[in-house]
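J.: Any chance you can model this:
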Amino acid sequence: MSNHEHQVRVLVVEDDTQIRKLLKVTLQAHKYNVYEASTGEEGLEQASLATPDLVILDLGLPDQSGLDVLKSIRERSNLPVIVLTAIDREADKIFALDHGADDYVTKPFGMGELVARIRVALRHSARPQEEPVLHHGELTINVSQRSVELKGEPIKLSPTEFDLLKILALNAGKVITKGQLLKQVWNEYDDSNRHYLRIYIGHLRKKLEDNPAEPKYIVTEPGVGYRFLAAE
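T.: Residues are numbered from 1 along each chain as shown. All right, here's what the predicted structure looks like:
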């Protein structure tokens, strides 16, 4: 682990003492500096005072909605935020992601999964927005030339297919909601385009995946959106 990661400050905003304690112990074991808050108000205070590099935010806080805390953080900062959600709250996940959360983890969650999400979020925040060429396993995406190669062979994509792939690959490891994809590819959030989205994702999988039914690049996050799996 690099020296840089030893210095990373993570703010945990969670009212459940047991979960907070577990998060603290685990994150400290991964050499993160951990700050804690048990309410939304305290979380916002700590977000200003402790200047964290990343926030883990529970959506079910006692004093105010975690979604309101997220919006307040986003008004003044771009720092990565990973939200913790209950398993049956699909609408909360989508709302949080559409309002600036970088990712979500569903309770009960595995610590390995959470640490992996933290690494992805930190990597994205430290990196320039546009990279000219993206390499993921056997897939190479040239963003400026709008070309794609798989196993060294050129793959022909329509402009819409390329735009979808580019957004997903530039955000590799992060979930992107259907709403975000519709807005970025079609420049509008129109629910009637959702079935087009599914069709285009299907086209991409046919062209890129060895087995489109078991994708290794573009996976579905049920009820939420899609995630491009980052090649480690």
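J.: Tell me where the model's unsure across the chain.
T.: For the chain, the stretches with pLDDT under 70 are 1-6, 87, 127-131, 188-193, 231-232.
J.: mind listing the helices for it?
T.: With DSSP state H, the ranges of helices along the chain come out as 3-6, 17-29, 40-49, 66-76, 90-98, 111-125, 159-170, 178-186, 194-208.
J.: How far away from the center of its chain is the third one?
T.: For helix 40-49, the gap between its own C-alpha mean and the chain's C-alpha mean amounts to 22 Å (C-alpha atoms, centre = their mean, to the nearest Å).
J.: How about the contacts made by residue 204?
T.: 157, 161, 164-165, 218 (C-beta atoms under 8 Å, 6 or more residues apart in numbering). To be clear about C-beta, it is placed using only N, CA and C from the backbone, and glycine gets the same treatment.
J.: If any of these are buried, put those into a ChimeraX selection.
T.: Applying 16 or more other C-beta atoms under 10 Å to the contacts of residue 204, the buried members can be selected in ChimeraX as follows:
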select :157,161,164,165,218
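J.: will you turn the contacts of residue 204 into TSV that also has distance to residue 212?
T.: Converted to TSV, the contacts of residue 204 look like this (distance: C-beta to C-beta, whole Å):
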residue	distance to residue 212
157	15
161	14
164	15
165	14
218	9
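J.: which one of the contacts of residue 204 is nearest residue 8?
T.: Nearest to residue 8, judged by C-beta to C-beta, of these is residue 218 at 29.1 Å.
J.: Would you map out the domains in the chain?
T.: 9-126, 133-228 (the TED database).
J.: Just say which of those is most tucked in.
T.: Among the domains of the chain, domain 9-126 has the highest mean neighbour count (mean count of other C-beta atoms under 10 Å), at a mean of 18.
J.: Isn't residue 205 up against residue 214?
T.: No. The pair residue 205 / residue 214 is not scored as a contact, 9.7 Å apart, by C-beta atoms under 8 Å.
J.: Need the residues touching each of the two.
T.: Counting by C-beta under 8 Å, 6+ apart, nothing touches both residue 205 and residue 214.
J.: Surely residue 150 is in contact with residue 139?
T.: Yes. Look at residue 150 against residue 139 with C-beta under 8 Å: they come within range, at 5.5 Å.
J.: shared neighbours of these two, anything?
T.: In contact with both residue 150 and residue 139: residue 208, using C-beta under 8 Å, 6+ apart.
J.: ok, back up a step: out of the contacts of residue 204, which one sits closest to residue 15?
T.: The closest of the contacts of residue 204, once distances to residue 15 are taken by C-beta to C-beta, is residue 218, at 35.6 Å.
J.: Report the beta-bridge partners for the closest one.
T.: residue 228 (DSSP bridges).
J.: excluding its backbone neighbours, what's nearest residue 46?
T.: Sequence neighbours aside, residue 37 is the residue nearest to residue 46 in space, at 4.8 Å (criterion: C-beta to C-beta, 6 or more residues apart in numbering).
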